[in-house]
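**Student:** Below are the sequence and a predicted model for it; my questions follow.
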Amino acid sequence: MFQRLLILTLAALFSTGWAHAQTKAQPRAVSARGALDAEELNNIGVFKRVSPSVVHITTLAVQRDFFSLRTSEQPSGTGTGFVWDDAGHIVTNFHVIQGGDRATVTLNDQSSYPAKLVGAFPDRDLAVLRIEAPRDKLPAIAVGASRDLQVGQKVYAIGNPFGLDQTLTTGIVSALNREIESVTRRTIRGAIQTDAAINPGNSGGPLLDSAGRLIGVNTAIYSPSGGSAGIGFAIPVDEVNRIVPRLIRDGRFIRPALGVTAGPLNLAQALGVPKGVLLVNVADGSPAAAAGLKPFARDRSGRIVQGDVITGLDGQPVADLDDMLSLLETRQIGEKVTLTVWRAGQTRKVVATLGSSD
């Protein structure tokens with residue numbers, strides 16, 4: 001009797017609960033909303049205009065089986081790039097393609113094309129690829145300027161973090177003129193710091209201003225965990241716009257040169273000379289030799305013979321070799337530069353005509 005009563009009670013409860021659930025399990029009415037605000041509309045507009053110019057880059061490495069000796073291609077990395085022109089040139093970071101034997105570029109419409117390396121400049125972590133694709137599939141990104149950026153400006157990043165293609169993140173310019181290290185350990189000066197989320201896979205993608213113009217190439221993050229921590233860095237577009245055309249034209253970046261060899265920092269400190277580029281060799285027939293520069297040397301008795309220290313170039317201070325190389329990169333082969341030179345306590349200015357680093 002008790003068991004029958006228990007069964008009936010449970011059945012009644014189940015029936016009531018089921019009926020109650022049936023009553024409540026109805027779609028909710030959609031609440032009306034107003035028009036999108038101006039910021040939302042601009043976010044949407046920037047993404048729609050620029051995303052067709054952003055590409056996904058996959059690199060492949062050839063691996064050989066230890067036992068069978070058979071070779072196979074394995075994915076070695078992914079990153080982002082963007083269309084530079086309708087000739088198929090794609091700009092990305094050098095470290096995105098570094099170590100890969102082959103690269104594939106996937107466009108916004110998911111069509112993929114094999115890519116060839118046109119040129120690279122590892123000191124600035126930049127590379128240019130080229131794909132053979134119809135011109136109507138290659139909308140070139142609009143290029144802006146970085147020289148007039150201000151802290152607080154709105155910025156956007158579009159990329160492929162963790163392989164999730166066509167991801168938009170927003171933020172501001174957090175700081176300007178930061179220094180970051182390239183893959184060659186050379187200093188990249190003038191980097192843009194942003195709090196727009198930049199994660200692995202975003203490298204090589206565009207940093208945009210609120211008009212959707214390219215203002216930088218996302219290249220690095222500062223994060224103990226390896227994920228976005230609100231501190232990302234981008235190579236300024238003024239640098240990109242100076243280097244990329246030369247990579248397309250020459251296949252590499254040929255830096256103008258003076259034909260000198262710099263001594264190590266500890267030597268300069270030991271000799272008590274001013275900060276600058278202490279010369280330990282001046283190549284015969286070089287621009288530096290023609291300008292009368294002399295290296296530090298030793299005489300027959302082993303005593304140091306005072307040579308030259310380059311402390312400035314065209315009125316800009318030179319504290320070390322990295323400073324001088326960065327300034328030379330902004331010049332052209334055959335251009336004349338004015339060097340500030342220290343020797344034995346005296347400072348003078350000399351004019352040199354830049355040669356090629358080849």
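**Tutor:** Good, I have the coordinates. Numbers count the residues shown, from 1 in each chain.
**Student:** And the strands in the stretch 101-250 of the chain?
**Tutor:** 102-106, 112-121, 126-131, 154-159, 167-181, 187-194, 206-209, 214-221, 232-236 (DSSP state E, counting those that start in this stretch).
**Student:** Columns distance to Ala290 and mean pLDDT on top of these, output as a markdown table?
**Tutor:** No exception for glycine: its C-beta is placed from N, CA and C like everyone else's. Below are the strands of the stretch 101-250 of the chain laid out as a markdown table (distance: least, Cβ to Cβ, whole Å; pLDDT from 0 to 100):
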| stretch | distance to Ala290 | mean pLDDT |
| --- | --- | --- |
| strand 102-106 | 43 | 91 |
| strand 112-121 | 27 | 94 |
| strand 126-131 | 32 | 96 |
| strand 154-159 | 46 | 94 |
| strand 167-181 | 33 | 92 |
| strand 187-194 | 29 | 90 |
| strand 206-209 | 42 | 96 |
| strand 214-221 | 37 | 88 |
| strand 232-236 | 34 | 93 |
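**Student:** of all those, which lies closest to Leu271?
**Tutor:** strand 187-194 (24.0 Å; Cβ to Cβ).
**Student:** just to revisit the earlier point, for Leu325, which of the strands of the stretch 101-250 of the chain is the nearest?
**Tutor:** strand 187-194 (9.4 Å).
**Student:** Can you give me the buried ones in stretch 202-218?
**Tutor:** Neighbour-count burial for stretch 202-218 flags 202-210, 212-218 (criterion: 16 or more other Cβ atoms under 10 Å).
**Student:** same check, this time on stretch 338-346
**Tutor:** Neighbour-count burial for stretch 338-346, counted by 16+ other Cβ under 10 Å, picks out 339-343.
**Student:** I'd like to check which residues are in contact with the residue nearest the centre of the chain.
**Tutor:** The centre of the chain sits closest to Thr219, judged by Cα atoms, centre = their mean, with a distance of 3.3 Å. Contacts for Thr219 were tallied using Cβ atoms under 8 Å, 6 or more residues apart in numbering; they are 93, 95, 125, 180, 188, 191, 203-204, 233-235.
**Student:** Surely Phe51 is within a helix?
**Tutor:** Quick fix: residue 51 is Ser, not Phe. Yes: counting by DSSP: H, G, I helix; E, B strand; the rest coil, Ser51 is located in a helix.
**Student:** thinking again about what came up before, I'd like the buried residues of stretch 338-346 laid out as TSV, including secondary structure, distance to Gly77 and pLDDT.
**Tutor:** Conversion of those to TSV gives the following (DSSP: H, G, I helix; E, B strand; the rest coil; distance: Cβ to Cβ, whole Å; pLDDT from 0 to 100):
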residue	secondary structure	distance to Gly77	pLDDT
Leu339	strand	42	95
Thr340	strand	44	95
Val341	strand	45	96
Trp342	strand	46	95
Arg343	strand	49	94
